[in-house]
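Student: this is a predicted model, with the sequence first.
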Amino acid sequence: MIQLSRNPKTWLTIFIIGGLCGALCDQIHVQGQVLWYAIPALAGQAWWVAPLFGGASLLMYVAASLWAPYAERLSPAAVSNGEIARQFLWFVAMYALSAGMQQKPLWLCVLYAVLLVRRMLRRRDIAAQLVNAAGLAVGGTAFEMALTSTGAFSYRAPDVLGVPMWLPGLYLHGAPLAMAVVRRIRQTERNM
């Protein structure tokens, strides 16, 4: 059974921090000319970008919570602030990599795959991480395909149904951050 926080402050914190961090990461794509918004409001982004990332963060919290108990059984060590920071830096680096290599999408896909193998190779919770990552990659990419079909924003070099072929790889690399945050929330709330 999935265990989610009963604390409204936790949900609000996920929404706000996820929205702000997501919008800031999205700025890498806006400034790197990876994508553009039909009606930009602030720094090239639409007004709804931060709330959308906030909502997406809540969905990722729920999705990663499905696999967190399994990950905890496989790797019971506590998740530190340092681990969350490390996973966040990996995710930001993958965003920057997508902006820098957008003209070489096949090479970016290969690099994302190699780096994911490197990141997962020695993890004790690899099975939980990969199942969570696959779910986020499929769900996130499908959502962006639907959103680009509305014309609200567009990728400058889409390959498949309005999105670049490397987009699932970006979600794959965001999944370890989502899992670390969920596990940290679970630890904190168990100790309260």
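Tutor: Yep, that arrived.
Student: C-alpha only now, for contacts and for neighbours.
Tutor: Noted.
Student: any buried residues in the helix or strand hosting residue 14, and which?
Tutor: Residue 14 belongs to helix 8-31 when assigned by DSSP states H and E. Buried residues in helix 8-31, counted by 16 or more other Cα atoms under 10 Å: 11, 14-16, 18-23, 25-30.
Student: what do you get for stretch 94-107?
Tutor: Neighbour counts over stretch 94-107 (16+ other Cα under 10 Å) mark 94, 95, 96, 97, 98, 99, 100, 101, 102, 105 as buried.
Student: what does stretch 129-138 give?
Tutor: 129, 130, 132, 133, 134, 135, 136, 137.
Student: and what of stretch 50-59?
Tutor: Neighbour-count burial for stretch 50-59 [16+ other Cα under 10 Å]: 50, 51, 52, 53, 54, 55, 56, 57, 58, 59.
Student: which pair in these spans the largest distance?
Tutor: Based on Cα to Cα, the longest span within the buried residues of stretch 50-59 runs between 50 and 59 and measures 14.3 Å.
Student: what is the end-to-end distance of stretch 152-163?
Tutor: Taking Cα to Cα, to the nearest Å, stretch 152-163 runs 13 Å from one end to the other.
Student: secondary structure element for residue 3, which one?
Tutor: With DSSP H and E as the test, residue 3 turns up in no helix or strand.
Student: okay but it is in contact with residue 67, surely?
Tutor: No - the pair residue 3 / residue 67 is not scored as a contact, 10.4 Å apart, by Cα atoms under 8 Å.
Student: what ranges do the helices span in the protein?
Tutor: Ranges of helices in the chain, per DSSP state H, are 8-31, 49-74, 81-100, 105-120, 126-148, 167-190.
Student: more neighbours: residue 3 and residue 67, which one.
Tutor: residue 67 (20 against 11; other Cα atoms under 10 Å).
Student: quick one: that one and residue 112, what's the gap?
Tutor: The spacing between residue 67 and residue 112, counted by Cα to Cα, is 22 Å.
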